[in-house]
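Colleague: one predicted model, sequence on top.
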Amino acid sequence: MPELVQEVAPRELTMAQAINEALAEEMRRDPSVFIIGEDVAEAGTPFKVLKGLVEEFGPERVIDSPISEAGITGLGVGAAMTGLRPVVDLMFGDFVTLAMDQMVNQAAKIHYMSGGKLKAPMVIRTTLGATRRSAAQHSQSLHAWFSHVPGLKVALPATPYDAKGLLKTAIRDDNPVVFFEDKLMYQKKGPVPAEEYTLPFGVADVKREGSDITLVATSSMVYVALEAAELLARDGLSAEVVDLRTTFPLDKETLIESAKKTGRALVIDEGYERYGVTAELASVIAEGAFYHLDAPVKRMGAMDVPIPFSPVLEDLTVATSAGVAAAAKALCGRA
Amino acid sequence: MADSEVKLSVADAAGLTEVGLEQWLHMYEQMARIRAFEEQVNQLYLSAKMPGLAHLYIGQEAVAVGVCEALTRNDYITSTHRGHGHCIAKGASTDRMFAELLGRAAGYCRGKGGSMHIADQETGNLGANAIVGGSAGIATGAAFTSKRLGEGRVAVCFFGEGALGQGLLYEVMNMASLWKLPVLYVCENNLYNEYTRYEETTAGTLGGRAQAFNMHAERVNGQDIRQVYTAANRLVGRARGGNGPAFLQCDTYRFMGHHVGDIDRTYYRTKDEERTWREERDPLPLLKTWLLGQGQADQSMIDQIEREIRDEIAAAVQFALDAPYPDAHEVTQHVYA
């Protein structure tokens, strides 16, 4: 009897489920991994990302902490230096300011300052992204700050597949990794294989191939770029969308090669534009692909204002697909 | 001092019966080693052989030695910008310490840390820290690991009274008390936050801060190593036995300036005050006098210790002065593990 080969639809998970699964798998694999943060246990965080983990791993490994961002990050650094692998949950990206010394002066530097003898293998999970009507202290995208600091790595996945693979890599990394999740993306679905996999840091992903212009995007802006690419296609322009996935380590080669191929580049990120990730990426492309460029590299970050509450104002602060498409067309001389 | 704060008096301190002569002599030796090391560091600064500055521990030796004597090699400490004493007391060797202070590759951190960042994982020293109060999280995290893995290790967090102005300390003390972590918070009150008298910066009592977290607190004369060791030994044992953290206030004094360059100090403290502490409350003569008075040690034993330390320090500093600097390629090494 011939063997029946059944076409199985790829498994789909939300971003929240993918992150949850990455944590659960790593906690099963390695007993030194634990989670600490505000409302991470029974509540599973306000975003419900950690739902069910305390039931499986117990309150010794999924620890509800006081509201002490500096304290839990500092405790995480010490735990990491002495043999554990903490995953510290800083609910809103805006709260990193409270933990800054522990991240920047302690975790990032201990390996170097000790001449390579000590290390702090830890993950600091936090969020980014505006347009959630949460106003100025719950909406910022501050990943540029950590990308600036030697000793830290920064990952910011845009799909459930990337989130799972990158988070598993982050937990296994021997360095402090700051892991940014877009709050608005948690319920977004995407294919995630049931089989074990990890994704390497420092490898950008070409989310859509194209030949007329390169759209480099991070996290939330990857979808904006993909939608813009659709709009551009209707006008006969072929846009390539490159998702960085990690701002450090940075995959300069993929950026530069894509810009060389298309001759034009537009860089989009949800952090403040001023001195931001877009500035770094634009300079990398300008330095590496200058003689292949047909237009100056353009960048689009978040507007340089505190995030306003009023929806009509807030929506103005972040790049949109229409805005990206318009800017791309202008770069291609089709304005 | 809050009423419920336990203050240890000389009468409570361990004597020759509980702690043998050999161990007291070892404590004297460690204090003498720190004193000689720091005096040499000052010389290196004055003769312009040391890059940067250093914060000397002279006067506070009984605190580091008394506490570390109660620890095993496996226990952890975190230290401060004034950290040479803690590092030596936990068992580091002076030659590699001098090498670190001089930025040489033979230093404990290959010259990349310097005076304010010496760490020696082999003796459980998780590092000096140049952020005041900055290591409180690390010490508490180390205690967390020990409890989680059932290792039986204790972590000691050394900090000055200046760190009482930092919020991180209270965040982690709260968690340590909640979760009964095996950590000892050792507050060295040397009376000055840099150049400002601590009463000008510190409301309430020092030990009262611990009591607010329902944490056991004791206070000792930090110039008397018998008191420091006795209290530390009990509190370390208590933590190791699963009875949670404690706060140990050690009243002490920095004989020298805030750092080696702080020469004229009359604008913030009087010469009389300095003289009183040096002449009447120097931890080395205090221990020596007591030991000799017990009739079991004699001056020749003390002389021998001091002679050996002198030779060791002379050889150690020469080792460091002769040691090569790190190769240029090391500048990009160890940024990432």
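Modeller: Okay, I see it. Numbers count the residues shown, from 1 in each chain, chains lettered A, B, ... in the order given.
Colleague: quick one: the helix or strand harbouring A:Arg28 near chain B?
Modeller: Element membership for A:Arg28 (DSSP states H and E) is helix A:15-29. No - judged by C-beta under 8 Å from any C-beta of the partner chain, helix A:15-29 stays clear of chain B, getting no closer than 13.3 Å. C-beta coordinates here come from the backbone N, C-alpha and C atoms, glycine included.
Colleague: please name every helix or strand in contact with that helix.
Modeller: With contacts taken as 3 or more C-beta pairs under 8 Å, 6 or more residues apart in numbering or on different chains; DSSP states H and E, helix A:15-29 sits against strand A:33-37, helix A:53-57, helix A:160-172, strand A:177-182.
Colleague: now distance to B:Ala323 and mean pLDDT too, for the ones you listed, in JSON lines please.
Modeller: Converted to JSON lines, those look like this (distance: least, C-beta to C-beta, whole Å; pLDDT from 0 to 100):
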{"stretch": "strand A:33-37", "distance to B:Ala323": "40", "mean pLDDT": "98"}
{"stretch": "helix A:53-57", "distance to B:Ala323": "48", "mean pLDDT": "97"}
{"stretch": "helix A:160-172", "distance to B:Ala323": "37", "mean pLDDT": "98"}
{"stretch": "strand A:177-182", "distance to B:Ala323": "35", "mean pLDDT": "98"}
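Colleague: so which of the ones you listed is the most surrounded?
Modeller: Mean neighbours per residue, mean count of other C-beta atoms under 10 Å in any protein chain shown, is largest over the helices and strands packed on helix A:15-29 for strand A:177-182, with a mean of 27.
Colleague: got a list of what the closest residue to chain B within the stretch 151-300 of chain A touches?
Modeller: Per C-beta to the nearest C-beta, the residue of the stretch 151-300 of chain A with the smallest distance to chain B is A:Asp174, at 3.9 Å. The neighbourhood of A:Asp174, defined by C-beta atoms under 8 Å, 6 or more residues apart in numbering or on different chains, consists of A:Lys119, A:Pro121, B:Tyr336, B:Ala337.
Colleague: from memory B:Thr196 sits against B:Arg269, does it?
Modeller: No - taking contacts as C-beta atoms under 8 Å, B:Thr196 lies outside contact range of B:Arg269: 10.4 Å.
Colleague: look at those two and report which has more neighbours.
Modeller: B:Arg269 (17 against 12; other C-beta atoms under 10 Å in any protein chain shown).
Colleague: excluding residues flanking it in the chain, which one is nearest that one?
Modeller: Distances taken as C-beta to C-beta, 6 or more residues apart in numbering or on different chains place B:Tyr192 nearest to B:Arg269, at 7.0 Å, with adjacent residues excluded.
Colleague: chain neighbours aside, what residue packs nearest to whichever residue of the stretch 51-200 of chain B sits closest to chain A?
Modeller: In the stretch 51-200 of chain B, the residue that lies nearest chain A is B:Gly137 (1.6 Å; C-beta to the nearest C-beta). Distances taken as C-beta to C-beta, 6+ apart place A:Gly74 nearest to B:Gly137, at 1.6 Å, with adjacent residues excluded.
Colleague: residues contacting that neighbour?
Modeller: With C-beta under 8 Å, 6+ apart as the criterion, the residues that contact A:Gly74 are A:Ala99, A:Gln102, A:Gln106, B:Ala136, B:Gly137, B:Ile138, B:Thr140, B:Gly141, B:Leu168, B:Glu171, B:Val172.
Colleague: show me what contacts the third one?
Modeller: The reference is to A:Gln106. For A:Gln106, the residues meeting the contact criterion (C-beta under 8 Å, 6+ apart) are A:Gly74, A:Val77, A:Ala120, B:Asn129, B:Ile131, B:Gly134, B:Ser135, B:Gly137, B:Ile138.
Colleague: could you identify the most distant pair in those?
Modeller: Checking the contacts of A:Gln106 against each other with C-beta to C-beta, the farthest-apart pair comes out as A:Ala120 and B:Ile131, at 15.0 Å.
Colleague: look at those two and report which has more neighbours.
Modeller: Taking neighbours as other C-beta under 10 Å, A:Ala120 and B:Ile131 compare with A:Ala120 leading, 28 against 17.
Colleague: is that one in a helix, a strand, or coil?
Modeller: Using DSSP: H, G, I helix; E, B strand; the rest coil, the secondary structure recorded for A:Ala120 is coil.
Colleague: rounded mean pLDDT for the helix or strand containing B:Ile309, please.
Modeller: Taking DSSP H and E as the criterion, the element that holds B:Ile309 is helix B:299-322. Across helix B:299-322, the average pLDDT comes to 98.
Colleague: got the contacts of A:Gly74 as TSV, with pLDDT and distance to A:Val224 columns?
Modeller: Formatted as TSV, the entries for the contacts of A:Gly74 read as follows, by pLDDT from 0 to 100; distance: C-beta to C-beta, whole Å:
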residue	pLDDT	distance to A:Val224
A:Ala99	98	29
A:Gln102	98	33
A:Gln106	98	35
B:Ala136	98	42
B:Gly137	98	38
B:Ile138	98	40
B:Thr140	98	42
B:Gly141	98	39
B:Leu168	98	38
B:Glu171	98	38
B:Val172	98	41
